[in-house]
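K.L.:
model the following, please.
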Amino acid sequence: MTSSGQGKWRGKMSAAGCLSYLCLSENLADVWFTFKDDSDARLPAHRFILQMRSEVFEKMFSRAYQTSEVITDITVDDVSRDVMELLLRFLYTDELYLSPDNAFNILYAANKYMLDGLHEQCAKYLVNQVDAENVCDIYEKVKGYDLDNIVSLTCLEYIRRHAWKVFKTGKFLNITRDTLSAILDSDILTGKEIEIFKAVKKWAEHQCVLHEKQTTPENIQSFVGDTVYKVRFPLMSIEDFIEEVQPSGVLSDEHNLLLHQYISQKQEGDTLFEGKFSASPRNGGVLTEQIFNCYPNPTCVPGGCDQAYLMTIMTNEDIHLHSLKGPLIRYIEAIEIHKQRRVDVTCLTYDNRMLLLESRDIWVPIPYKSGCQENEEIVFTDDILLLPTDYTHIRIKLWRRLPGIEGRQISQAIATRPGKRARGARRQGAEPMVRVVRATNMSLIIQKTTVSLELIPPGINQISFR
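P.N.:
Below you'll find the predicted structure:
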């Protein structure tokens with residue numbers, strides 16, 4: 001034990017202050033960490049602190065005590081000096097300095113020395129760092145030492161819900177086949193099945209290049225292996241199957257024939273397939289949010305509902321619009337879309353939105369399907385991708401104007417004075433009516449994605465994304 005620290009270093013320091021002072025100090029040190037890859041490095045420590053904080057060190061020193069062995073050096077061969085310094089700093093002071101460069105190594109060290117608190121902080125840090133570019137890399141690196149699979153499950157969830165983005169990254173091409181299989185297993189994987197297939201094919205071709213093999217059908221099938229059964233070919237259209245799948249070499253001749261027969265003869269709603277391939281639809285990771293509309297019932301709007309409305313959607317990350325729900329649905333004649341680049345629009349004023357609403361040539365119809373009248377929901381059949389670079393305007397046209405609450409049902413004070421037209425509503429001529437004076441705006445957090453909705457029409461009470 002070093003005695004050079006005997007003196008007045010304690011002063012009026014608190015217990016926390018003394019521990020901070022002793023961290024990485026030779027004062028009172030009775031054990032040193034040495035490193036296999038850095039023979040000159042020696043980090044001082046204190047057995048009592050190590051045993052107090054880590055079950056691994058407690059067992060290590062207890063065994064040594066029972067055998068009368070004196071441990072003065074602990075050689076570490078799988079943790080660097082820099083990481084061990086950060087780990088010791090955490091043991092003594094609870095301070096932690098995480099960065100993208102050290103988080104994985106600290107997570108590994110936390111797992112090795114059974115430091116649950118440190119592990120939890122590293123896991124939270126990595127979870128908050130997840131995005132489309134790094135999610136595959138994070139998932140692969142934490143496998144095997146992710147306590148309770150906190151990071152792994154978060155990564156898989158992110159990949160499944162943002163597959164259309166992740167599949168485009170270079171890191172996706174380097175995942176293992178086991179990881180690819182785990183992704184394809186999901187019932188909530190986003191995107192069309194043909195796009196999922198293209199991603200698998202691209203991954204297999206990249207594996208051929210990595211292993212210096214030709215991209216022949218045999219080699220592609222070898223790398224894909226049984227993971228091919230995780231692609232739900234029965235969900236594809238016959239056109240996609242003939243044009244993309246059959247020439248690719250991913251499937252054997254037997255599978256090509258079997259699937260071709262099924263897809264060409266299947267009826268809408270078929271979910272059964274005799275074979276290893278699944279015909280169960282993926283729900284695309286639909287995430288539903290309630291809208292607290294100022295006017296939840298379109299027939300109870302003061303002055304009535306106009307015949308066209310403009311709703312604007314903004315987002316900070318790519319996300320797909322899936323469906324709208326509410327009593328207004330039964331009156332909808334058409335839904336159209338127009339996108340504006342944010343860099344081209346200095347400000348979205350009420351007047352320029354009204355100009356958009358009245359414009360004729362800029363709007364593109366959105367195909368959708370609607371359920372039964374009681375369900376009051378429409379589901380968009382095409383991918384409506386909302387981008388952070390755009391203002392996405394949705395024009396909702398009704399097949400007739402809804403009269404709403406009559407003037408006599410409104411307080412006389414309101415009914416006898418001119419009202420303002422609802423924001424987002426089209427002008428309806430000069431007929432006497434009490435206008436809607438409130439508009440519904442909301443911001444939602446969808447799986448770490450912020451979505452802002454402006455000028456939500458009356459009677460739209462639920463929105464879904466994926």
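
K.L.:
care to break the protein down by domain?
P.N.:
What the record gives for the chain is the domain set 15-142, 176-265, 287-465, from automatic domain parsing.

K.L.:
any idea how far apart the tips of the first one sit?
P.N.:
Translated: domain 15-142. Terminal residues of domain 15-142 are spaced 35 Å apart (C-alpha to C-alpha, to the nearest Å).

K.L.:
pLDDT (mean, whole number) over that domain?
P.N.:
Per-residue pLDDT values across domain 15-142 average out to 93.

K.L.:
tell me how far that domain is from the chain's mean position?
P.N.:
Taking C-alpha atoms, centre = their mean, to the nearest Å, the mean C-alpha location of domain 15-142 is offset from the chain mean by 31 Å.

K.L.:
next one: the longest one
P.N.:
Using C-alpha atoms, centre = their mean, the mean C-alpha position of domain 287-465 is found 26 Å from that of the whole chain.

K.L.:
also the second one?
P.N.:
With C-alpha atoms, centre = their mean as the basis, domain 176-265 stands 24 Å off its chain's centre.

K.L.:
what's the end-to-end length of that domain?
P.N.:
Chord length of domain 176-265, first to last residue, is 35 Å (C-alpha to C-alpha).

K.L.:
try the longest one
P.N.:
Between the opening and closing residues of domain 287-465 lies a distance of 5 Å (C-alpha to C-alpha).

K.L.:
could you dump the domains of the chain into JSON lines with distance to K165 and mean neighbour count added?
P.N.:
Heads up, the C-betas are built off the backbone N, CA and C, glycines and all. Written out in JSON lines, the entries for the domains of the chain read as follows (distance: least, C-beta to C-beta, whole Å; neighbours: other C-beta atoms under 10 Å):
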{"stretch": "domain 15-142", "distance to K165": "4", "mean neighbour count": "17"}
{"stretch": "domain 176-265", "distance to K165": "9", "mean neighbour count": "17"}
{"stretch": "domain 287-465", "distance to K165": "6", "mean neighbour count": "16"}
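
K.L.:
A163 is nearest to which of these?
P.N.:
Proximity to A163, assessed across the domains of the chain by C-beta to C-beta, is greatest for domain 176-265 (4.7 Å).

K.L.:
now do that closest one, average pLDDT.
P.N.:
Averaged over domain 176-265, pLDDT sits at 93.

K.L.:
could you export the domains of the chain as TSV, including distance to D148?
P.N.:
Below are the domains of the chain laid out as TSV (distance: least, C-beta to C-beta, whole Å):
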stretch	distance to D148
domain 15-142	8
domain 176-265	17
domain 287-465	20
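
K.L.:
W9 is nearest to which of those domains?
P.N.:
With C-beta to C-beta as the criterion, W9 lies closest to domain 15-142 of the domains of the chain, at 6.3 Å.

K.L.:
tell me the centre residue of the protein?
P.N.:
By C-alpha atoms, centre = their mean, the mean C-alpha position of the chain lies nearest to Y158, the distance being 3.7 Å.

K.L.:
of all the domains of the chain, which one comes closest to A279?
P.N.:
Across those (criterion: C-beta to C-beta), the nearest stretch is domain 176-265, sitting at 3.8 Å.

K.L.:
and K397, how far from L259?
P.N.:
Going from K397 to L259 by C-beta to C-beta, to the nearest Å gives 41 Å.

K.L.:
would you map the strands across the stretch 251-400 of the chain?
P.N.:
Along the stretch 251-400 of the chain, the segments classed as strands by DSSP state E, counting those that start in this stretch run 287-290, 308-315, 319-325, 332-341, 364-365, 368-370, 377-386, 390-398.

K.L.:
then the second one to PDB, C-alphas only?
P.N.:
Taking only C-alpha atoms (Å, rounded to 0.1, in the frame of the first residue of the first chain), the coordinates of strand 308-315 have been written out as PDB:
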ATOM      1  CA  ALA A 308     -62.900  21.200 -49.100                       C
ATOM      2  CA  TYR A 309     -60.200  21.300 -46.500                       C
ATOM      3  CA  LEU A 310     -56.500  21.600 -46.500                       C
ATOM      4  CA  MET A 311     -54.400  19.800 -43.900                       C
ATOM      5  CA  THR A 312     -50.600  20.200 -43.700                       C
ATOM      6  CA  ILE A 313     -48.200  17.600 -42.400                       C
ATOM      7  CA  MET A 314     -44.600  18.200 -41.400                       C
ATOM      8  CA  THR A 315     -42.100  15.700 -40.000                       C
END
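
K.L.:
which elements pack onto it?
P.N.:
Packing partners of strand 308-315 (3 or more C-beta pairs under 8 Å, 6 or more residues apart in numbering; DSSP states H and E): helix 350-358, strand 390-398, strand 449-456.

K.L.:
relative to strand 449-456, how tilted is that strand?
P.N.:
On the basis of axes from the mean of the first three to the mean of the last three C-alpha atoms, to 10 degrees, strand 308-315 is oriented at 160 degrees to strand 449-456.

K.L.:
this completes my enquiry, with thanks.
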